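>>> Got a sequence here, can you build the structure:
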Amino acid sequence: MYEALMFLLIWYSTSTTLFQMIQSKVFISDCGRYFDAIGTFIQNVTGRVAIDEPLEYAKLYLDGNLQMWVDAEDSLEL
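Here you go, the predicted structure:
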């Protein structure tokens, strides 16, 4: 009986806190910023991974020059 009462108390306090948090304007703006950051990250990753000439990348990899090419690309972004 004691364990069930403690479980209900913890569940009630947690759900009440989460409900109040979700209604907060700060929480909503933080969620917006979080998902904007995630979206920007995904766009950057997919843009970087986009392959214009896949055979050229395969040739660089097979020749062992792919790491040199990646390092050169990274130095250009500075």
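
>>> give me the number of residues near Leu60?
By other C-beta atoms under 10 Å, 16 other residues sit near Leu60. (Glycine included, C-beta is placed from N, CA and C.)

>>> And it, how far from Met6?
The gap separating Leu60 from Met6 is 61 Å, by C-beta to C-beta, to the nearest Å.

>>> What is the neighbour count of Leu76?
By other C-beta under 10 Å, neighbour count at Leu76 equals 7.

>>> Equivalent analysis for Val45, please.
A count of nearby residues for Val45, using other C-beta under 10 Å, gives 10.

>>> And the one 10 residues further on, by the same measure?
Using other C-beta under 10 Å as the criterion, Leu55 is surrounded by 8 other residues.

>>> Which strand or helix spans it?
Leu55 belongs to helix 54-63 when assigned by DSSP states H and E.

>>> quick one: average pLDDT of that helix?
Helix 54-63 shows an average pLDDT of 79 in the prediction.

>>> Now do the same for the residue nearest to the spatial centre of the chain: helix, strand or coil?
A centroid search over the chain (C-alpha atoms, centre = their mean) returns Ile38, at 4.4 Å, as the residue closest to the centre. Per DSSP: H, G, I helix; E, B strand; the rest coil, the secondary structure class of Ile38 is helix.

>>> From Val45, how far out is it?
Where Val45 is concerned, Ile38 sits at a distance of 11 Å (C-beta to C-beta).
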